[in-house]
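Asker: I'll drop the sequence and a predicted model, then ask my questions.
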Amino acid sequence: MNKLKLFFIFLVLIFGSLNLKAHQMSQSFSNWTVENGDIMAVFSVTSRQVTLLPVLDGYSNNLSEQLTTHLKKNIKVSINDKSCELDEDIPTKITDESSLKSLLKFKCSESNGIMRIENNSFFSASAGHIHFARIRIGSNDWQETIFTSTQKEANFSLASGKNQRSALQIFFDYIKLGFEHILSGYDHLAFLMALLLVTVRLKKVLLTVTGFTLGHSITLALAALGLIQPSTIAIEALIGFTILLVASESLILDDKSQSFFTIGSLSFLLILFILSILFGGIISSLTWLGLIIFTFSYSMLVQTRNDAEYYNPGLTLIFGLIHGFGFASVLLDLGLPKDKTVTALLGFNLGVEFGQILVVLLAILILYMLGKSSLIKYKDYLFNIAAIILVALGTFWFVGRAFGLQ
């Protein structure tokens, strides 16, 4: 092993000291209840999002007041086009350690017809912001809707409690959500980049991406429909493992150092397994044993780059199952429209695919341009550096999540 490849140990330590997050989507949430013309809404958002607001609304005494001031300016409710009045006499601050919350109450003169919610919050501060709202009208079922910079209104029937957006509109809403999720999911993107380090031949890449697509489509549907309920934290840790395994494998494929990979990876997993027994962790003992057996079997099966390219579609199918649970956790947290579940699920999955295809095509284009430039003589070094960075990221996410450090 050359010195460049050993340098990954140093990078692991560097990345271990950084506050890296796999998902940085700008988002906020609200729960609405409607009873006889009285409308209550509880908004929830991270402190980091609220710090963007002073440039729009001026500075307030504290973040809770900052949030409430912003919401009062940007949330409007009407019934049959008659504006509802904001109740200024209720306390708006809600204490919560995990996020900032604010309560708004509206009083309306009518209680029948169509209720319209106009939401202009946060979009001027962050164009890519997404707001997820859950609304319950009377004794009807909860309804879910999404507000974005291009979709700032939602209409609901006060009689049925249902969202008035068509199935086609909801389909496109969730396509956008899936697309933005994959582009903000740095761990999923890191895995795609690790796959390209193993092979860049177009036919092999298409087969590999197809395997990944099949895998995550299956588990995304199963989990989002409630047929399987895996541990979200454990799944996030395993996503880090998929990056670590593929990226570290790409480092040694051309060096005939498979024994080093086998011994090193098994020793690494055994040490973590022992530490989890001694100090506790997120991943169960059975899962640790499964990872050890899988890694050993795979290292025995794959000895050369040709082997890796041949088995990659199968590997990505298996790893795609893991990533699919990760995608599903987003939908489980947000909720799917009760009467348009399949439509929203299909739209989200297509959005993920569009984002994935875009990233892979851009990466292939960059590699093609690299091959046409004078930098081609540094190809091996650039690939090694990329692999080392991905190993460091995979290690950070895997270990940090496995032991509850993130």
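Answerer: Thanks, I have it.

Asker: what's the neighbour count on K105?
Answerer: Number of residues near K105 (other Cβ atoms under 10 Å) recorded here: 16. No exception for glycine: its C-beta is placed from N, CA and C like everyone else's.

Asker: what does A167 give?
Answerer: For A167, using other Cβ under 10 Å, the count is 13.

Asker: which one is it nearest to, not counting chain neighbours?
Answerer: The shortest distance from A167 to any non-neighbouring residue, by Cβ to Cβ, 6 or more residues apart in numbering, is to T343 (4.9 Å).

Asker: helices of the stretch 201-350 of the chain, start to end?
Answerer: 202-224, 232-252, 258-279, 285-301, 305-334, 341-372 (DSSP state H, counting those that start in this stretch).

Asker: quick one: closest of those helices to L177.
Answerer: The closest of the helices of the stretch 201-350 of the chain to L177 is helix 341-372. By Cβ to Cβ, the value is 5.8 Å.

Asker: for the closest one, buried residues please.
Answerer: For helix 341-372, the neighbour count (16 or more other Cβ atoms under 10 Å) marks 341, 343-356, 359-360, 363 as buried.

Asker: returning to what we had before: gap between the residue nearest to A167 and A154?
Answerer: 16 Å (Cβ to Cβ, to the nearest Å).

Asker: cool, and H181?
Answerer: Taking Cβ to Cβ, one finds H181 at 20 Å from A154.

Asker: and for S231?
Answerer: 33 Å.

Asker: so which of those two has more stuff around it?
Answerer: Higher neighbour count among S231 and A154: A154, with 20 against 15, using other Cβ under 10 Å.

Asker: F147 looks like it's in a strand, true?
Answerer: Yes: assessed with DSSP: H, G, I helix; E, B strand; the rest coil, F147 lies in a strand.

Asker: ok, it touching F122?
Answerer: No: counting by Cβ atoms under 8 Å, F147 sits too far from F122 to count as a contact (9.2 Å).

Asker: between those two, which contacts overlap?
Answerer: H131 (Cβ atoms under 8 Å, 6 or more residues apart in numbering).

Asker: can you name the residues that contact K340?
Answerer: Going by Cβ under 8 Å, 6+ apart, K340 touches A167, I170.

Asker: I should have written G281 there, sorry.
Answerer: G281 makes contact with L275, A402, F403, G404 under the criterion Cβ under 8 Å, 6+ apart.

Asker: and the third one, how far is that from S111?
Answerer: From F403 across to S111, the span is 53 Å (Cβ to Cβ).

Asker: cool, and the first one?
Answerer: From L275 across to S111, the span is 60 Å (Cβ to Cβ).

Asker: who does the spatially most central residue of the chain bridge with?
Answerer: In the chain, the residue lying closest to the centroid (Cα atoms, centre = their mean) is G185, at 4.6 Å. Legend: beta-bridge partners of G185 under DSSP bridges are H23.

Asker: confidence score at it?
Answerer: Per-residue pLDDT puts G185 at 82.

Asker: same question, L4
Answerer: L4 is given a pLDDT of 48.

Asker: please apply the same query to D254.
Answerer: 66.

Asker: so who does the residue lying closest to V209 once chain neighbours are set aside touch?
Answerer: In space, not counting the residues next to it along the chain, V209 is nearest to V360; the distance is 6.0 Å by Cβ to Cβ, 6+ apart. Taking Cβ under 8 Å, 6+ apart, we find V360 in contact with L192, L196, V205, V209.

Asker: closest to F106 out of those residues?
Answerer: L192 (44.8 Å).

Asker: okay, the closest one and H216: tell me how far apart.
Answerer: 11 Å.

Asker: so between those two, which is more surrounded?
Answerer: H216 (27 against 22).

Asker: quickly find the element holding the residue of the chain most remote from its centre.
Answerer: In the chain, S109 marks the outermost C-alpha relative to the chain mean, sitting 41.2 Å out by Cα atoms, centre = their mean. Using DSSP states H and E, S109 sits in no helix or strand.

Asker: over to K76?
Answerer: Using DSSP H and E, K76 maps to strand 75-79.

Asker: distance from the chain centre to the following helix or strand past that strand, please.
Answerer: With elements assigned by DSSP H and E, the helix or strand that comes after strand 75-79 is strand 82-83. How far strand 82-83 lies from its chain's middle: 38 Å, per Cα atoms, centre = their mean, to the nearest Å.

Asker: sorry, back to before: which elements pack onto the strand holding K76?
Answerer: With contacts defined as 3 or more Cβ pairs under 8 Å, 6 or more residues apart in numbering; DSSP states H and E, the packing partners of strand 75-79 are strand 114-119.

Asker: what angle do whichever helix or strand comes after the strand it packs on and strand 114-119 make?
Answerer: Downstream of strand 114-119, the first helix or strand assigned by DSSP H and E is strand 130-137. Going by axes from the mean of the first three to the mean of the last three Cα atoms, to 10 degrees, strand 130-137 is angled at 150 degrees with respect to strand 114-119.

Asker: any regions of the stretch 1-150 of the chain where pLDDT drops low?
Answerer: Residues of the stretch 1-150 of the chain meeting the criterion pLDDT under 70: 1-25, 89-98.
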